[in-house]
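Novice: Build me a structure from this.
(chains A, B, C and D)
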2 protein chains.
Amino acid sequence: MRKRPQQQRSRELVKALIDATAKVIQQQGLDNTTTARIAEVAGVSVGSLYQYFGDKDGLIEALMESLADDIGAGLKRLPLLDNVDMNAMISSAIQFGFAVLNSRDGLYLELVRNWHRLPTDRVVDTLQQHFMDLARLYFLRHYRDYPIRNLEVRVFIVTNSVLFTMVRHISQNNGLIREDDLANELTRMVAGYMATPPDHQGTR
Amino acid sequence: MRKRPQQQRSRELVKALIDATAKVIQQQGLDNTTTARIAEVAGVSVGSLYQYFGDKDGLIEALMESLADDIGAGLKRLPLLDNVDMNAMISSAIQFGFAVLNSRDGLYLELVRNWHRLPTDRVVDTLQQHFMDLARLYFLRHYRDYPIRNLEVRVFIVTNSVLFTMVRHISQNNGLIREDDLANELTRMVAGYMATPPDHQGTR
DNA sequence: ACATAATGCGAATATGTATTCGCATTCAAT
DNA sequence: ATTGAATGCGAATACATATTCGCATTATGT
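Specialist: Purely as a prediction, here's the structure:
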């Protein structure tokens, strides 16, 4: 952020700009998101935009930060560890994932589709970190006997698998596969995989 | 394609343009791929480009078609069904996937990253279709007893999971996860999931 | 009330890039 | 050899859009 907003009105302006950015991305897609349009939607001039954001990317980065915080908060509110069995826990997590992706009228969807061009690190870290902690706690509680190796790899695989499978499904939206079928199958795959005890062969 | 190349030199020109498109995308990334640069690399003028391709997208589409054919041919050459157990078969398929993604100096990687903006249908159909046939044949041969429902969903999940997990891993390229660890774990997850007999409850 | 800083404006500027078009060259048929 | 079609050229055009900058307005402290 180029300059700190000090007065009330400018703080509101900054917020309006970030909100407008989300709205424009959601409505017109990332490719058609222009500074002019953002300013227009925010009810503000382009010039003012550049008072507080060095460039367009800065604005988008601010949006991503804000969303990362939202997701983090949402995750903390989920009582995933209270589930008795892993299947239920993973099912809840996947439901949460679908809920997020379908929320905000496709904003998240458009962002994930363009993950490669966006500063997604904060968001990804938030997710990965949370699920990593969750997995650690769960295994500590239920699988005390097994030495848990490979947990990073497993969480990495599972997170990406679920995320992108969901995104692809929502994106192409052919009616051939129903969303709850997909959720069920994803749950089965992930639960089955995570419950697998690690290899005992130390050959690698 | 706007006009059919009739003479030898123009057929070579079209080929040179498609090759150049691949090269530029691979070297500069899709975002920095300009018609001017493509023409330059092809050793041809921009004007000539528009003789045979209605627009830039047409050129890229031609490239995608060509790659879809390559992948299809590569898949047909793989003797996946000769593998005795599913684990070996899936391991081979995943190895093939990594090989493709790492081939052509990252061209495929860049294309998958930008799948959302590209005409990927042909390629995706090729993959999905092939794995679908493969799965059908395998189950017919080994699990004759089970009624195989849900196969579409399973193949969809597995294809997307593996593809995007691999892409994300190669993209971020943090040394924390080794490629062969990832391949092994992916194999375990997929094999475990595909070997699961379908639900017997007919409640859905 | 005044001075100064903060904020806000938007037409003008700068830049990048897809596409066109009139002319030049090469090919293939007679 | 001649001619018309096919091919090739690349400077010029059209357009979209990020960013700037000089000026106008508003807030804050004294």
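
Novice: The helix or strand of chain A with the lowest mean pLDDT near chain B anywhere?
Specialist: Every helix and strand of chain A was ranked by mean pLDDT, DSSP states H and E. The lowest is helix A:121-142, at a mean of 92. No: Helix A:121-142 stays clear of chain B (CB under 8 Å from any CB of the partner chain), getting no nearer than 8.6 Å. C-beta here means a position set from N, CA and C on the backbone, and glycine is covered the same way.

Novice: residues of whichever helix or strand comes after that helix that come out buried?
Specialist: For helix A:121-142, the following helix or strand on the C-terminal side (DSSP states H and E) is helix A:151-172. Neighbour counts using 16 or more other CB atoms under 10 Å in any protein chain shown place A:153-171 of helix A:151-172 among the buried residues.

Novice: and helix A:151-172, does that touch chain B?
Specialist: Yes: using CB under 8 Å from any CB, we find that helix A:151-172 touches chain B at A:152-154, A:156-158, A:160-165, A:168-169, A:171.

Novice: tell me which parts of chain A are close to chain B?
Specialist: So far as CB under 8 Å from any CB goes, chain A lies against chain B at A:31, A:113-114, A:116-117, A:150, A:152-154, A:156-158, A:160-165, A:168-169, A:171, A:176-177, A:181-182, A:184-186, A:188-189, A:192-193, A:196, A:204.

Novice: again, 6 Å this time
Specialist: Neighbours of chain B within chain A, by CB under 6 Å from any CB of the partner chain: A:113, A:116, A:153, A:157, A:160-161, A:164-165, A:168, A:177, A:181, A:185, A:189, A:192-193.

Novice: farthest-separated two in the residues you listed?
Specialist: A:H116 and A:G192 (29.9 Å; CB to CB).

Novice: How much space separates A:G97 from B:L59?
Specialist: Distance, A:G97 to B:L59, by CB to CB, to the nearest Å: 37 Å.

Novice: which parts of chain A sit against DNA strand C?
Specialist: A:3-7, A:9-10, A:12-13, A:44-48, A:50-51 (CB under 7 Å from any atom of the strand).

Novice: Are any of these buried, and if so which?
Specialist: Neighbour counting by 16+ other CB under 10 Å classes A:13, A:44, A:48, A:50-51 among the residues of chain A next to DNA strand C as buried.

Novice: Can you sort out which of the buried residues of helix A:151-172 also neighbour DNA strand D?
Specialist: Taking CB under 7 Å from any atom of the strand as the test, DNA strand D is in contact with none of these.

Novice: What values do phi and psi take at A:P79?
Specialist: Dihedral angles of A:P79 (phi, psi; degrees, to the nearest 10) stand at phi -90, psi 60.

Novice: And for A:Q7?
Specialist: Torsion angles, degrees, to the nearest 10, at A:Q7: phi -90, psi 170.

Novice: What about A:M89, how many residues nearby?
Specialist: 22 (other CB atoms under 10 Å in any protein chain shown).

Novice: now the helix or strand where it lies against helix A:151-172, angle please.
Specialist: In the assignment (DSSP H and E), A:M89 maps to helix A:86-102. Going by axes from the mean of the first three to the mean of the last three CA atoms, to 10 degrees, helix A:86-102 is angled at 50 degrees with respect to helix A:151-172.

Novice: buried stuff in helix A:86-102?
Specialist: Buried positions in helix A:86-102, judged by neighbour count with 16+ other CB under 10 Å: A:86-87, A:89-94, A:96-98, A:100-101.

Novice: A:L80 contacts A:M89, doesn't it?
Specialist: Yes: A:L80 is in contact with A:M89 according to CB atoms under 6 Å; the separation is 5.2 Å.

Novice: mean confidence score for stretch A:159-179?
Specialist: Stretch A:159-179 shows a mean pLDDT of 95.

Novice: Just give me how far that stretch sits from the chain centre.
Specialist: Centroid separation for stretch A:159-179 versus its chain: 15 Å, with CA atoms, centre = their mean, to the nearest Å.

Novice: Provide the contact partners of that stretch at residue level.
Specialist: Residues outside stretch A:159-179 that contact it (CB atoms under 6 Å, 6 or more residues apart in numbering or on different chains) are A:101, A:109, A:112, A:131, A:182, A:186, B:153, B:157, B:160-161, B:164-165, B:168.
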